[in-house]
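> The following block contains a protein sequence and its predicted model.
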Amino acid sequence: MPQRDNFAWAAMVSAHVNAGDLSSARSLFDGMPEKITAACNAMINGFSNSESDFSAFKFAAAMGGRGRSRTQRKHFAQSRENNWKYTKNGSDHQQNATPDNNNNIETSNPTWKPFTTQNLAFEEYYKEQEIVRPEEWNTFMDCLRSELPAAFRINSSSQCYLEIQAKLENDFMKSLQEEGTDGSEVVAIRPLPWYPENLAWQSTFSRKQLRKNEILKRFHEFLKLQNEIGNITRQEAVSMVPPLFLDVRPDDFILDMCAAPGSKTFQLLEMIHHSAEPGSLPGGMVLANDVDVQRCNLLIHQTKRMSTANLIVTNHEAQHFPSCHLDRSHAKGSEPREAKELDIDQLLFDRVLCDVPCSGDGTLRKAPDIWRRWNAGMGNGLHGLQVQIAMRGMSLLKVGGRMVYSTCSMNPIENEAVVVEILRRCGGSVELVDVSSELPQLVRRPGLKKWKVQDKGMWLTSYNEVYDSRRAAVVPGMFPSGKGYVDAQLPYTGSNCNSQNGNGMVQDHTIPTTILDEEASTLPLERCMRIVPHDQNSGAFFIAVFHKLSPLPVIQKKPCCHPGKTTSRGNFQAQSFTEVKDITADEVEQVDSVGNQLSEATMDDADILENGEDEVPLDTDTDPSEIIEEKRPEQIEPSRDEGKRKLQLQGRWRGIDPILFYREEEVVGQIKAFYGIKESFPFKGHLIVRNSDINHVKRVYYVSKSVKEVLELNFLAGEQLKIAAVGLKMFERQKDVSAQCVFRITSEGFPLLLPHITKQIVYASPVDFKHLLQYKSIKFGDFVDAEFREKASKLQFGCCAVILNKDNKTLSEPQVDASTIAIGCWRGRNSITVMVIALDIEELLERMLMYLEEDSNSLLLENKPLIAAEADKVVKSD
Ligand SMILES: C[S@@+](CC[C@H](N)C(=O)[O-])C[C@H]1O[C@@H](n2cnc3c(N)ncnc32)[C@H](O)[C@@H]1O
């Protein structure tokens, strides 16, 4: 073979690529120096941008490099700019751009180039995988190239969700039809038929159209306001699917392993809170975890809108999520009282959501930059990590519990292959659930039984075909049988061997067989769900539902070879499953060491994306800069107003605020007495602070019984969890020295606490209530209603609740029920001042007007109390 330099290779590959002949381009890989194959591959995959890629490639090839530097890759992975979107940095030419018939964006700016919606490697890959039937290929591709309609969900635990639903049905459905679509037959907005109780909606307009179109302005403003308040969440329709298959009950302990930016966490919280009575909390909790600190901050910001005491946010690698286990056997009766009183001794979950990082090609409609970046190496590079995360999730799931595995990728290597590997590793202790009768209106397709692996441009149908040199990157688990060369030779025995799991599902993972040249899985992968865009005008998603039947099998180490390690030939050594015991984190690590290697090996080939970044609210109206700060990696959410201070320690975790139960009898007693908190309200022992200097506590957080239990377990287990956020901010210290109690109730705290307080409450007539909202601060003498004036002036200095006395009834006793509308105020020397942010005032005024127009049988009676109070800006005594 002639010796060629890097440039010569590049030129040849480029010539084929430019001619659109990818297979000839690929044929050149044979004999090409290893160090430039990745760059050539990148050129093939980035064909549609070949001009610019080629020059980059030439440079890289000349340098012996790999096309893009690590820094560039990181930059790409992080920015994930959605290019349909208007960018906020002022340099965006798309502001004036409009999609043409093909949804390509035209612009008045001649220098701006629309993003390509072509990638031949993508097309070749998915045609070969037979992701859709040949006759639907064009429809599939056309749909992928069109913009995604906007979708949103009503927060079913919000006080006014029925009102919002009514407004959508009775107002916007009709008005948008007339205004937005010129009265044509197209339905402008409609509830998603598969989402329960008409809580999720989709519009025919994309998010960009909603932003740009004047006629749609009122609707857009409505969405923005409700989104900010937390009454709705804008979320891609298909991304709402995985939590629905978790079958969540209010008492469930739920782990959301890869949770940021938190759309599904929010949904899970809605589910557990849905039927909670006003002032009460569900028995369950959500533990939302993400490895990325900045994304954890987004998650915290997102879930703040929920005001929940049932959430813990942690920051761990999901595949190494801590065990949080109390070893009672060592205590021998001498364990502390707290440990004896604890109901749980291991942190296990009833439900696990495993929405793993993925290549994200199911979000192409929303993030068209993926067209340019997509390559087959992305999926291959993530397979190992996805298996590890799912296996850890499975070991943290209670027997009898349900786990949902999901990705927003269409790639079988990230989907069916991961499912097969989970089933294989778990033996008969886990089954794939047949959910065909759940959400019948959701159009989905069964999982694939057959697929291939593409590596370095070569199609492989079985592990037999993998070159030795590629066996660190391409593992047996990527193929439908999940078997490697070694599996076929090892006569395994063990309790789970050749077992039937009672579900008609033959667990044949350990039977020695010859690997067929073309493999097909014998597992019931048709139970997996693949949602494709053109079936219901959505994004794409993959979902698999697992049920844990028994503890996971323990991995038996083979005397001669290490389980989960590559042999000298690079072959994967499979494990046998014998004893019945749950796998520990360490064991998972062992099993997955190959996975680790392969991630590293192939990640170099691709710009790995974190799926779901589309869900980062980059184009919401919240300024992300408000919430994201560049911090040391281990530092999360330090209190910003404390200036320079010592590095905080949370147990073993550096740079994270500690978590302490607040048991200062005197202060807690004072708060309780000031607000007349009823004995029936679980108060003592539920308060925590995040400052080790107990004398300078600024904020006091409230945690539910479920969260309290987990925190106690975590303390006793040596603070295994790295907790970024926990608890509902219930009290905040005020600087007003004249106040009888220095702790005011926060806006988040009011809805929970109001039904349980007996003091510092006054009822205002509709007119005085409206004046308060309009003028923010009113002197006692200026109140219209004399009785209100008198009662308000008799309140103690400090925080109080003003409740709307809708019917102007005489009320001797405070009455709080589902229809209560209240605001947090400050009783100063001469006046009452509202502690509500402008946004909440706007919404409240709107609601009040609507409310007062309606008769007393209005929808509101079915709702929960509305409390809008905000004292982020300290209201000083007037
Ligand atoms: C698909 S996104 C999750 C979307 C999220 N479930 C939602 O609905 O908003 C994947 C997330 O996984 C996180 N991630 C990546 N690797 C991880 C790991 N090893 N452990 C935990 N989280 C990880 C990323 O930071 C990213 O936020």
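On my side now, so go ahead.
> from here on, contacts and neighbour counts on C-alpha atoms
OK.
> Could you list the low-pLDDT ranges of the chain?
Applying pLDDT under 70 to the chain picks out residues 1-114, 178-186, 214, 328-340, 484-518, 555-647, 808-815, 818, 850-878.
> Now with 50, please.
By pLDDT under 50, the low-scoring segments of the chain are 1-3, 16-21, 46-110, 486-513, 557-643, 855-878.
> out of all of them, which helix in it is the longest?
Ranked by residue count under DSSP state H, the longest helix found in the chain is helix 376-395.
> For the ligand, tell me whether that one is touching it.
No - applying C-alpha under 6 Å from any ligand atom, one finds helix 376-395 separated from the ligand by no less than 6.9 Å.
> Output the contacting helices and strands for that helix.
Where contact means 3 or more C-alpha pairs under 8 Å, 6 or more residues apart in numbering; DSSP states H and E, helix 376-395 is packed against helix 120-128, strand 349-355, strand 397-407, helix 416-426, strand 453-455, helix 585-591, helix 593-603.
> what's downstream of the second one, the next helix or strand?
Same thing as strand 349-355. Sequence-wise, the next helix or strand downstream of strand 349-355 (DSSP states H and E) is helix 369-373.
> Using CSV, list the CA coordinates for that next one.
Coordinates of each C-alpha in helix 369-373 appear next as CSV, following Å, rounded to 0.1, in the frame of the first residue of the first chain:
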residue,chain,number,x,y,z
ASP,A,369,-27.4,21.8,15.7
ILE,A,370,-27.3,18.0,16.4
TRP,A,371,-27.7,17.5,12.6
ARG,A,372,-24.1,18.7,12.2
ARG,A,373,-22.7,17.0,15.2
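> Can you list the residue ranges for helices in the stretch 701-850 of the chain?
705-716, 749-753, 766-775, 786-793, 838-853 (DSSP state H, counting those that start in this stretch).
> Give me whichever of these is most buried.
Highest mean neighbour count among the helices of the stretch 701-850 of the chain (mean count of other C-alpha atoms under 10 Å): helix 749-753, with a mean of 24.
> Show me which residues of this protein are close to the ligand?
For the chain, the contact set with the ligand under C-alpha under 6 Å from any ligand atom comprises 258-264, 290-292, 295, 317-319, 355-357, 610-612, 615.
> From these, which land in strands?
D355 (DSSP state E).
> Now that we have the residues of the chain next to the ligand, which of them are buried?
258-264, 290-292, 295, 318-319, 355-357, 610-612, 615 (16 or more other C-alpha atoms under 10 Å).
> now, which of these lie within helices?
Reading helices off these with DSSP H, I get S263, K264, R295.
> I'd say the first one and A237 touch.
No - taking C-alpha atoms under 8 Å as the contact criterion, S263 and A237 are not neighbours in contact, 11.0 Å apart.
> how many neighbours does the closest residue to I659 other than its chain neighbours have?
Nearest residue to I659 in three dimensions, chain neighbours excluded: R690, at 4.8 Å (C-alpha to C-alpha, 6 or more residues apart in numbering). Other residues lying near R690 total 24 when counted by other C-alpha atoms under 10 Å.
> which residues touch R690?
D657, P658, I659, L660, V697, R699 (C-alpha atoms under 8 Å, 6 or more residues apart in numbering).
> how close does it get to Y662?
In this structure, R690 and Y662 are 9 Å apart, going by C-alpha to C-alpha, to the nearest Å.
> these two touch, right, Q670 and R744?
No - Q670 is not in contact with R744 according to C-alpha under 8 Å; the separation is 11.9 Å.
> Looking at those two, which is more packed in?
R744 (25 against 16).
> Give the full set of residues in contact with the residue lying closest to L342 once chain neighbours are set aside.
Excluding the flanking residues, the one nearest L342 by C-alpha to C-alpha, 6+ apart is E709, at 6.9 Å. The neighbours of E709, taking C-alpha under 8 Å, 6+ apart as the test, are L342, D343, I344.
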